[in-house]
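what follows is a predicted structure for the sequence shown.
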Amino acid sequence: MNNKFFNLKNKIDNEIQSRIPEEVYHLNSLQMQSRWLFYNYLNYDYFNQCDSLKSFFLKKSVKNINKNVSLLAIKNPDFNKLIINSKLKELENSIINYLYLFYSYLENRIKSDLKRLTIKQPIEKIPRIKYKEYDHFYSDTIYRIKDNLFSEKIVQRFYISGSIATKDYIKGWSDLDGLLILESKYLNQPKNIIKLKEAVHGLRFELQKIDKFQLHGLFILTDIDLKYYSQSFYPFILFQNSKLLFGDNNLNFFIRNDEKERWDNFWYEGVEFFINTKTYETDLEKKLLMHRIASLPFLFLQTIGLHIYKKDSFEIIKAFFDKSYLKIFNYNRELMYKFTDKILLSINDSLKMHNNAKKLVVKMLDYIIQKYGV
């Protein structure tokens, strides 16, 4: 990626940062990075060579957290105790200790002064999943997922969202989007987190039954995250299209400013992905390409402040861009429906899709540049 794009990223970063008190800006970043650290730790085995790429993301999360902790420690030395020891043999205990300390700190800050920066947003009761509405292939797998996690007392609630929740999935193609909400009072007991990690690892096979290319693990939030909530990680509208697998059905959110994280999502999953040249040889690589293309409308809309359900974003995006740029979404969807056991996409055609998506991303970026006036 050339300097032009890096300079643009820095300009918009600085513009967003200028609107938020410095400490709150870094604390928000730290919360986002802590969630991703928790997600990577629970979903992937960083001691396993098969997870070398995921191990990279976990180590990157640790590096980003330590950077933000150091920035916050300049004005508050107490933050130094949150530094994560990145030596491999001490990493697991250090991560678990960090998560407990960070969420304890965040909860205290919410009580003392951060709550005033949020807007309360209750949600209507989310319907419980009805197994009889699914064929045995899905109902049996979903039941085994519930059975595997229900006994973990740290798990407060478990939701299924996306096309499997709304029952408009494409069998064999659609993956399972699952969200765990954890009870923070158990974070001070390492055995609870380690047991949960083992339970989540045990679900890989079940997730891959539904989608052999499953591109992500189970999403993770704590009850404290709900009190200082960023929609960039798991947009509020997803809950309105979810099913409750188990747990309490009463939910209140306290929504905070997440402008920086929304912009980062669009940058890393949209701009950085498509601006860099890639080749797509394996079906897994092709599925990632198609997944990123399908995500562009809602990522763009989220960046400009519109939280839209992914399925609805393909219609709403038409108001922003000429239809010549949007043909790629129809082609992408046709390929999904044609999928049986192999993605019917050649290496050359995948490169054409990448380049067409890149043109759209540049147009989206132009719109965002005008929004921020940089």
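Arrived safely, thanks for sending. What you see is a predicted model, and the numbers here were worked out from it, not measured in a lab.

from here on, just use CA atoms for contacts and neighbour counts.
Will do.

so what's the gap between stretch 73-88 and the chain middle?
Relative to the centre of its chain, stretch 73-88 is centred 25 Å away, using C-alpha atoms, centre = their mean, to the nearest Å.

quick check: buried residues in it?
A73, F79, L82, I83, I84, N85 (16 or more other C-alpha atoms under 10 Å).

my guess is the fifth one contacts E92, does it?
Spelled out, that is I84. No. Proximity of I84 to E92 does not meet the contact threshold set by C-alpha atoms under 8 Å, at 9.6 Å.

show me which of the buried residues of stretch 73-88 is closest to A357.
Using C-alpha to C-alpha, I84 comes nearest to A357 of the buried residues of stretch 73-88, at 38.2 Å.

rewinding a little: just the buried residues of stretch 73-88: which are in strands?
Within these, no residue falls in strands by DSSP state E.

mark which of those residues are part of helices, please.
Of those, the ones assigned to helices by DSSP state H are A73.

quickly check the buried residues of stretch 73-88 for the two that are furthest apart.
For the buried residues of stretch 73-88, the farthest-apart pair by C-alpha to C-alpha is A73 and N85; their separation is 16.1 Å.

which SS state does the residue nearest to F233 when sequence neighbours are not counted fall under?
Leaving aside its sequence neighbours, F233 sits nearest to M32 (C-alpha to C-alpha, 6 or more residues apart in numbering; 7.8 Å). Following DSSP: H, G, I helix; E, B strand; the rest coil, the label given to M32 is helix.

quickly note the distance from M32 to D147.
Per C-alpha to C-alpha, to the nearest Å, M32 is found 29 Å from D147.

could you do S232 as well?
Separation of S232 from D147 (C-alpha to C-alpha) stands at 29 Å.

the more surrounded of those two?
Taking neighbours as other C-alpha atoms under 10 Å, S232 and D147 compare with S232 leading, 22 against 11.

correct me, but that one touches R262?
Yes. Look at S232 against R262 with C-alpha under 8 Å: they come within range, at 5.2 Å.

who touches both of those two?
Taking C-alpha atoms under 8 Å, 6 or more residues apart in numbering as the contact rule, S232 and R262 both touch Q302.

what helices and strands are in contact with the host helix or strand of P122?
Per DSSP states H and E, P122 falls inside strand 119-123. Contacts defined by 3 or more C-alpha pairs under 8 Å, 6 or more residues apart in numbering; DSSP states H and E place strand 119-123 against strand 251-255.

pLDDT of the following helix or strand past the strand it packs on, averaged?
Counting by DSSP H and E, the element after strand 251-255 in chain order, helix or strand, is helix 259-266. Averaging pLDDT along helix 259-266 yields 96.
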